[in-house]
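*Asks:* for reference, the sequence and a predicted model appear below.
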Number of protein chains: 2
Amino acid sequence: MTTPAAARRARQLEERRSQIVGAARALAETEGWDAVTTRRLADAIEYSQPVLYGHFPQGRTEIVTAVALEGFEELASALAPSSDVPAASDVERVRALVTAYLDFAERHPATYDAMFLLPVLVPFASDETPAIVRAGFEAIADTLRRLDDPPADVPTTAEVFWGAVHGIVALRRAGRFPAVHQEERIETLVRLVVR
Amino acid sequence: MTTPAAARRARQLEERRSQIVGAARALAETEGWDAVTTRRLADAIEYSQPVLYGHFPQGRTEIVTAVALEGFEELASALAPSSDVPAASDVERVRALVTAYLDFAERHPATYDAMFLLPVLVPFASDETPAIVRAGFEAIADTLRRLDDPPADVPTTAEVFWGAVHGIVALRRAGRFPAVHQEERIETLVRLVVR
DNA sequence: GCCAGACTCTAGCACTGCTAGACAATCGCT
DNA sequence: AGCGATTGTCTAGCAGTGCTAGAGTCTGGC
């Protein structure tokens, strides 16, 4: 019994939901997550604050979560191509993977923070972990599996490798690393995994 | 012209300063940094809020910074022993380093956050970087230099290695890693660096 | 014992996330 | 077409945050 009016309303609701997520992400990328307040989000969508809670009953955290999930989707598609370039060598494939990851983190720093730093309502490392979130991990594991001399324990190696790349992003972003020498770091990391 | 009274006052001031830092750290470790509010800190030292700003003009961030600096001191002494166990093998020394680092992070999670996650008033990767902050990095670099087959570019390798260990801490702490398999991760990481 | 200066507190500002309750627009029905 | 109930939205406000101006008290050196 979905009347046309109800269908239109549902569409408008979905529209506005993605407006909220879009505004949150844009605001976070331009001014940082501290600037993403419920009042500014309400201003951005030209509604009052309580409207936000109609879409996201868990409040601000749930909005951050929505941005994070968008990010996981984009990261997965950014990493996917790296694993199946048939003509490439091991080193080239791993380098492509690392570069794609670091590029994503650098291009969308706030989104990356939502994915890996901020408190978020996604169950990680659990049975209910969304498939999209796993996809990035799988891309890393796949690349490792295709090495000429693959590691004995691929999942653990993938975790450690992922940690290493994330560590570079995190320490770099927090200013703990100098801005220069990023290429050397990439090359060093690649050579740790494949040789 | 320091009168006895002035000397006593200076001592009391120093005393109270470390009370503030101690209270901040204890509160952060037991209830998380969100619980470290200026009001609760004022309660802890039994003074009113403005007193905090007498000691730390830059406010809360400066207090977090003080905790971070304490942490860097402790991390440096935790890592120092690993590099100069003379009878040990490469693998043993690197494993000792990684284990000491991970132990520190696990025992003082909030302090670790202050050091590597939270915004802080320490200039990293600069000429004014405090010596204590550099010390941890030097411990890692030293261990690498003593390998039977040391890497060509020790500083860069130290950065990447540090990033890898930090990545494991960060992803584990944020719940992005499963709680188990930590030993396997350590062993995998050690074997990436020395073989 | 007095008085300047150091010290501390109260009270308040502007902001945060979030929500109860009043109000208005809209929809489905007769 | 117009009624009634539902849905949607807003205003106003709560309790909390970091931080600070200004009033008041206490203390040390003369």
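*Replies:* Yep, it's here.
*Asks:* from the chain's centroid, how far away is stretch A:175-193?
*Replies:* Offset of stretch A:175-193 from its chain centre (C-alpha atoms, centre = their mean, to the nearest Å): 21 Å.
*Asks:* ok, it near chain B or not?
*Replies:* Yes. Residues of stretch A:175-193 are located near chain B by C-beta under 8 Å from any C-beta of the partner chain, namely A:175-179, A:181, A:184-185, A:188-189, A:192-193. Just so you know, the C-beta spots here come from the backbone N, C-alpha and C atoms, and that holds for glycine as well.
*Asks:* now swap in stretch A:28-44 and tell me
*Replies:* No. In terms of C-beta under 8 Å from any C-beta, no part of stretch A:28-44 sits within range of chain B; the closest distance is 9.6 Å.
*Asks:* what average pLDDT does that stretch get?
*Replies:* In this model, stretch A:28-44 carries a mean pLDDT of 97.
*Asks:* do that stretch and DNA strand C meet at all?
*Replies:* Yes. If you take C-beta under 7 Å from any atom of the strand as the test, stretch A:28-44 does meet DNA strand C, through A:36-40.
*Asks:* domain map for chain A?
*Replies:* Chain A is divided into the following domains under automatic domain parsing: A:1-57, A:60-193.
*Asks:* and the first one, how far out from the chain middle?
*Replies:* Using C-alpha atoms, centre = their mean, the distance from the centre of domain A:1-57 to the centre of the chain it belongs to is 20 Å.
*Asks:* cool, and the longest one?
*Replies:* Relative to the mean C-alpha coordinate of its chain, domain A:60-193 is positioned 9 Å out (C-alpha atoms, centre = their mean).
*Asks:* A:Ala80 and A:Ala105: what is the separation?
*Replies:* The gap separating A:Ala80 from A:Ala105 is 16 Å, by C-beta to C-beta, to the nearest Å.
*Asks:* between the two, which one's more packed in?
*Replies:* A:Ala105 (24 against 16; other C-beta atoms under 10 Å in any protein chain shown).
*Asks:* before we move on, what's the pLDDT of the more buried one?
*Replies:* On pLDDT, A:Ala105 comes in at 98.
*Asks:* which parts of chain A are helices?
*Replies:* With helices called from DSSP state H, chain A shows them at A:4-31, A:38-45, A:49-55, A:60-83, A:90-107, A:109-116, A:131-145, A:154-173, A:182-193.
*Asks:* using TSV, lay out those helices together with distance to B:Thr99.
*Replies:* Formatted as TSV, these follow (distance: least, C-beta to C-beta, whole Å):
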stretch	distance to B:Thr99
helix A:4-31	37
helix A:38-45	44
helix A:49-55	46
helix A:60-83	31
helix A:90-107	26
helix A:109-116	24
helix A:131-145	24
helix A:154-173	15
helix A:182-193	19
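*Asks:* so A:Phe124 touches B:Ala179, yeah?
*Replies:* No. Look at A:Phe124 against B:Ala179 with C-beta atoms under 8 Å: they stay out of range, at 11.0 Å.
*Asks:* which of the two has more neighbours?
*Replies:* Between A:Phe124 and B:Ala179, counted using other C-beta under 10 Å, the more crowded position is A:Phe124 (17 against 8).
*Asks:* list phi and psi for that one.
*Replies:* A:Phe124 has phi and psi values of phi -90, psi 160 when expressed as degrees, to the nearest 10.
*Asks:* so what's the residue of chain A found nearest DNA strand C up against?
*Replies:* With C-beta to the nearest atom of the strand, the shortest gap between chain A and DNA strand C falls at A:Gly59, namely 2.5 Å. Neighbouring residues of A:Gly59 by C-beta atoms under 8 Å, 6 or more residues apart in numbering or on different chains: A:38, A:52-53.
*Asks:* would JSON lines of the residues you listed with neighbour count be doable?
*Replies:* JSON lines is the format used below for these (neighbours: other C-beta atoms under 10 Å in any protein chain shown):
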{"residue": "A:Thr38", "neighbour count": "17"}
{"residue": "A:Leu52", "neighbour count": "23"}
{"residue": "A:Tyr53", "neighbour count": "13"}
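*Asks:* now the lowest-mean-pLDDT helix or strand in chain A: buried residues?
*Replies:* Across the helices and strands of chain A, mean pLDDT, DSSP states H and E gives its lowest value to helix A:4-31, namely a mean of 90. Neighbour-count burial for helix A:4-31, counted by 16 or more other C-beta atoms under 10 Å in any protein chain shown, picks out A:16-17, A:19-21, A:23-25, A:27-29.
*Asks:* and it with helix A:60-83, angle?
*Replies:* Per axes from the mean of the first three to the mean of the last three C-alpha atoms, to 10 degrees, the angle that helix A:4-31 makes with helix A:60-83 is 80 degrees.
*Asks:* ok, helix A:4-31 near DNA strand D or not?
*Replies:* Yes. Interface with DNA strand D: helix A:4-31 contributes A:9, A:13 (C-beta under 7 Å from any atom of the strand).
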